[in-house]
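Chemist: Could you work out the structure for the sequence below:
(2 chains)
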Amino acid sequence: MTDAIALPAVSLRVIAPAALLAVTGFVLMLLDLLPPQRRREHMAIVGLTGVGAALVSVFLLWGSEVSGFQGMVVLDNFALFMTLVIGYATGLVLLLSIDYLQRLGMESGEFYILVLFAATGMVVMAGANDLIVVFLGLETMSLALYVLAGIFSTRIEAGEASMKYFLLGAFASGFFLYGIALIYGATGSTNLNKIGAAVAAGAARDPLLLIGFGLLLVGFGFKISSVPFHMWTADVYEGAPTSVTALIATGSKAAAFAALVRVLLEAMRPLQAEWAWLFWGLAVLSMTLGNVVAIAQQNLKRMLAYSSIAHVGYMLVGIVAGGALGNGGVLFYLLVYTFTTAGAFGVILLLERGGEEAVRIGDTAGLAARHPLAALALSVFLLSLVGIPPTAGFVGKFYLFGAAVRSGYIWLAVIGVLNSAVAAYYYLRVIVSMYMREPEGTPTVLAPSFAGALALVVALWGVIQLGIMPAPIFDLAQSAVLPLLR
Amino acid sequence: MRAILSAVTFLPVLGAALIFLLPRRREGLVKVTALGTSLMTFAVSVPLYTRFDASLSDYQFVEQRAWMPTLGVSYHLGVDGISLLLVLLTTFLMPLVLLSSWRSIERRWKEFAITMLLLETGMLGVFVALDLFLFYIFWEAMLIPMYLIIGIWGGPNRVYAAVKFILYTLAGSLLMLVAILALYFLHGAATGAYTFDLPVLVRYVLPAGRAQNLMFLAFALAFAIKVPMWPFHTWLPDAHTEAPTPGSVILAGVLLKMGTYGFLRFCLPLFPQATMTFAPWMFWLAVIGIIYGAWVSTAQADMKKLVAYSSVSHLGFVVLGLFTLNPQGMVGAIIQMVNHGLSTGALFLIVGMLYERRHTRLIADFGGLWSVVPALSALFLIVTFSSIGLPGLNGFVGEFLILVGAFQVHRPAAVLATSGIIFAAVYLLWMYQRVIFGEVTHEENRRLPDLSLREWVILVPVLVFIVWIGVYPVAFTGKTEASVQALISQVQTKAAATAAMASR
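Modeler: Sure, this is the predicted structure:
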């Protein structure tokens, strides 16, 4: 008598969005072997189709609450909302990349393949309910991004960016894994719910567990680039191709936040009083250091890198505040930040000066006179980063600081708004340069790009729509975190 | 006519959108469209005055629609006697300002027109919004057009002035945002109704103490920077000096009033106990502002800077009037807001006209203009007298009422403030004398042209109101009295209720 091999019940539905992206990645690998070898736009279009399918699946699956793979992966509104954010980020990056890569003579099939695999990893992180799966998604995403950061292999900064990102990322992964091991040792499980149950049952006093959590948070801190784990950010943002920078700034951050929020709420909720203060400190440090250092930057990409650190600080304010308002605020802010930042990088990557990429603040001088629409678009994105109404950035901050005030963290909200005032200075400097200064030397021109323009229109639409009519999306974000708060 | 306030507020945006679509080369068409839009906005706003029922203290022409229901945010507009005149002042000044920029703005007229019209919507929105969230959106959104106007069309040091302007005002208003949120959650926790609706929040009696004081201070800081009150005024001379004439007129005429309006609309009714606690402090800051502004004005060599510092002094009177919490003082303050908008606006317009002729604003570069440009000199004289507060013109009415109010509550402050009127006569008349009287000291000044038809059209409407308010103020004070009385009794009832809560 032979037993049939017992196949575990695999529910593909649980991983549908990630699977769609992964399959698209494989299709792209095959396509890469086929002619035409010269032109690669069709790969971007196939990639976009895959992303579109993943976004459609979000709408079809909305409201699901299933788990699969022995509880390692879940598909709930939280995962779906983050998939939406990641999908928008990936889609915008693909659109922005098409002409950009061609212009710099760097078009290759690998680029699109790696973007799709990075997105797959991100979506896996969003639905991970087990530390091992978080790690799996994290590494899938990170490995693809390490290569993408250095894909302009002829540039010396690209090598530096890739190397730095890889080395520090590897360290962070080490911390992360070590943390998982210690947590497993203390609780006997890597499943978030089981860890949570063990913590609630009294494992919280185990130093092994606390050290494990600490190491885990170091890994997360690196991926979201919160101070003091932010050292890589500026160099990687500067050296990576601008469209990859946009992906690192938006998608990878969203995925890391998704996993972080889920770990905090599912596994570490009983310790909330303790980690809230920890994140209080991280939020203040990230906001303040990010904004202050950004003031001194002359390179737009470096400036946005430090600004992204500051924005992580704002989002950590939401995590400190907690509850549906705080965590929903984080989700909403991630969506806002994705549109805003992808848009800002999108305008920057279209700028060209004397055949070179124009990424210095001085390069934007007088842009408003020659390219009024591009200058207007960049201004809207920058104003959204400052948080001026009626852009989405204002509403996003409004929710985050509102949550902080409600939970009694008034001073955190005060520090946050004062930081916004500091931040206004350096964002407005770019607007000053575009509208109030005359260009010197070769003027900066705008590279024509239909796909890029389309991406900017989508991003602008997001920034305005979420700024004027935020209620429907915010309600979705809030309902997405409710299951985690039960 | 049900959506008249929406129409007034958003007509300029429509005009801006229309101009956005016009080709840049058709500058004449752009100018006419902008002027037409602002005239139409004014025309639509006139029924607000004629149909306003002065016997009611409630908000009128109210519109309310759900906007973000889960958050308690609604699109809620309305005017009462406090905001009515400011709305009209805004719509009245805007066409004149656009007309004054006809020549003085030399480049990027299309962008200029769009920016000015968006600014108008922002300003009107601040005055008509009755939802704190909506108010805050207009309050902040309005900063950007003003920033661009100073920074793009301003003088040599314009970027510094623009950045200083926006950082100062942003820092203040962001703290106000925290206070708005705190108020929202306190009210929600106490009553169960989470809302940003001002009329609802105003009914809520906050307990006296630290929370109320801190919220008052956060609001007051935002408004004090905007007014600007001493010692938060340092952005104003830079902004005024560097801004182009239309920017200065709007800044002095309308923008500064947002600060004093904010005190009236939000600080007083929301935080009555804290208002009473801090009123003496506000008196002294106001008096320091009155005297300091006057003294510094006297020493200025640049006419525009002189007028800018005189604003610090004049708005000190307004703040003094607001915090008297009696009808004379407060009605006087509201009228003085309008007066300052008209007189100082006109002064900036005239300085701008002189600048267009001579490309200098230094007092020393003029002299003996009466024989060269008699019409301009005569109008200049009337406006100067109005700004000093000569009886028979508008300035007297406001300052007199404010001082009557102030004498009842704080005699030393009122006495010192009165000296501000004397100083005003000193610095304004001395400036006028040096510019207009005497011999022509510079050859270039001999051939200056007198007022053109366009300039007559700009100045005469302002002068009409300067005389009208001076001779028959009841046409304007009458509209505000019911609302002011209601506000005062509200503040007193709430303060009494707070005190009762504390003694329990």
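Chemist: Tell me how many other residues surround the closest residue to residue A:163 other than its chain neighbours.
Modeler: Taking Cβ to Cβ, 6 or more residues apart in numbering or on different chains, and ignoring the residues beside it in sequence, residue A:163 has residue A:150 as its nearest neighbour in space, at 7.4 Å. Every C-beta, even on glycine, is put in place using the N, C-alpha and C of the backbone. By other Cβ atoms under 10 Å in any protein chain shown, the residues close to residue A:150 number 24.
Chemist: Now do the contacts for residue A:150.
Modeler: Taking Cβ atoms under 8 Å, 6 or more residues apart in numbering or on different chains as the contact definition, residue A:150 lies against A:158, A:159, A:161, A:162, A:163, A:239, A:240.
Chemist: One more: residue A:122?
Modeler: The contact partners of residue A:122, taken as Cβ under 8 Å, 6+ apart, are A:86, A:90, A:137, A:141, A:251, A:252, A:254, A:255.
Chemist: What average pLDDT does the helix or strand hosting residue A:141 get?
Modeler: Secondary structure assigned from DSSP states H and E places residue A:141 in helix A:131-149. This predicted structure assigns helix A:131-149 an average pLDDT of 94.
Chemist: And it, what's buried?
Modeler: If you call a residue buried by 16 or more other Cβ atoms under 10 Å in any protein chain shown, then helix A:131-149 has these buried ones: A:131, A:133-149.
Chemist: ok so, going back, closest one of the contacts of residue A:122 to residue B:190?
Modeler: Relative to residue B:190, the closest of the contacts of residue A:122 is residue A:254; by Cβ to Cβ it sits at 36.9 Å.
Chemist: Enumerate every residue touching residue A:284.
Modeler: Under the criterion of Cβ under 8 Å, 6+ apart, the neighbours of residue A:284 are A:313, A:412, A:415.
Chemist: for chain B, which strand is longest?
Modeler: Once chain B is assigned using DSSP state E, the strand that runs over the most residues is strand B:60-68.
Chemist: So which elements touch the helix or strand just after it?
Modeler: Under the assignment DSSP H and E, the closest C-terminal helix or strand after strand B:60-68 is strand B:73-79. Packed against strand B:73-79 by the contact rule (3 or more Cβ pairs under 8 Å, 6 or more residues apart in numbering or on different chains; DSSP states H and E) you find helix B:4-21, strand B:60-68, helix B:109-128, helix B:132-141.
Chemist: Work out the gap between the following helix or strand past strand B:73-79 and the centre of the chain.
Modeler: If you walk from strand B:73-79 toward the C-terminus, the next helix or strand you reach (DSSP H and E) is helix B:81-104. Remark: helix B:81-104 is offset 11 Å from the chain centroid, using Cα atoms, centre = their mean, to the nearest Å.
Chemist: mean confidence for helix B:81-104?
Modeler: On average, the pLDDT along helix B:81-104 is 90.
Chemist: Give the buried residues for it.
Modeler: Of the residues in helix B:81-104, B:81-101 count as buried by neighbour count, 16+ other Cβ under 10 Å.
Chemist: Also stretch A:352-363?
Modeler: Within stretch A:352-363, the residues scored as buried using 16+ other Cβ under 10 Å are A:352, A:353, A:357, A:358, A:359, A:360, A:361, A:362, A:363.
Chemist: now swap in stretch B:413-422 and tell me
Modeler: Neighbour counts using 16+ other Cβ under 10 Å place B:413, B:414, B:416, B:417, B:420, B:421 of stretch B:413-422 among the buried residues.
Chemist: before we move on, what about stretch B:47-59?
Modeler: Applying a neighbour-count criterion of 16+ other Cβ under 10 Å, the buried positions in stretch B:47-59 are B:48, B:49, B:52, B:54, B:57, B:59.
Chemist: Stretch B:385-401 now?
Modeler: By neighbour count, and taking 16+ other Cβ under 10 Å as the criterion, the buried residues in stretch B:385-401 are B:385-389, B:393-401.
Chemist: that older thread, dump the helices and strands packed on strand B:73-79 to CSV, plus distance to chain A, mean neighbour count and mean pLDDT.
Modeler: As requested, the helices and strands packed on strand B:73-79 are exported to CSV (distance: least, Cβ to the nearest Cβ, whole Å; neighbours: other Cβ atoms under 10 Å in any protein chain shown; pLDDT from 0 to 100):
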stretch, distance to chain A, mean neighbour count, mean pLDDT
helix B:4-21, 10, 19, 90
strand B:60-68, 4, 16, 87
helix B:109-128, 8, 25, 91
helix B:132-141, 4, 23, 91
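Chemist: could the ones you listed be laid out in CSV, adding distance to residue A:209?
Modeler: Compiled in CSV, these are given as follows (distance: least, Cβ to Cβ, whole Å):
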stretch, distance to residue A:209
helix B:4-21, 57
strand B:60-68, 41
helix B:109-128, 54
helix B:132-141, 43
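Chemist: Point out where chain A drops to low pLDDT.
Modeler: Counting by pLDDT under 70, chain A shows low-confidence ranges at A:1-10.
Chemist: in it, which spans are strands?
Modeler: According to DSSP E, chain A carries its strands in the segments A:66-68, A:73-75, A:351-353, A:356-357, A:445-446.
Chemist: Scan the contacts of residue A:150 and report the most crowded one.
Modeler: Highest neighbour count within the contacts of residue A:150, by other Cβ under 10 Å: residue A:161, with 29 neighbours.
Chemist: I appreciate the help and will end here.
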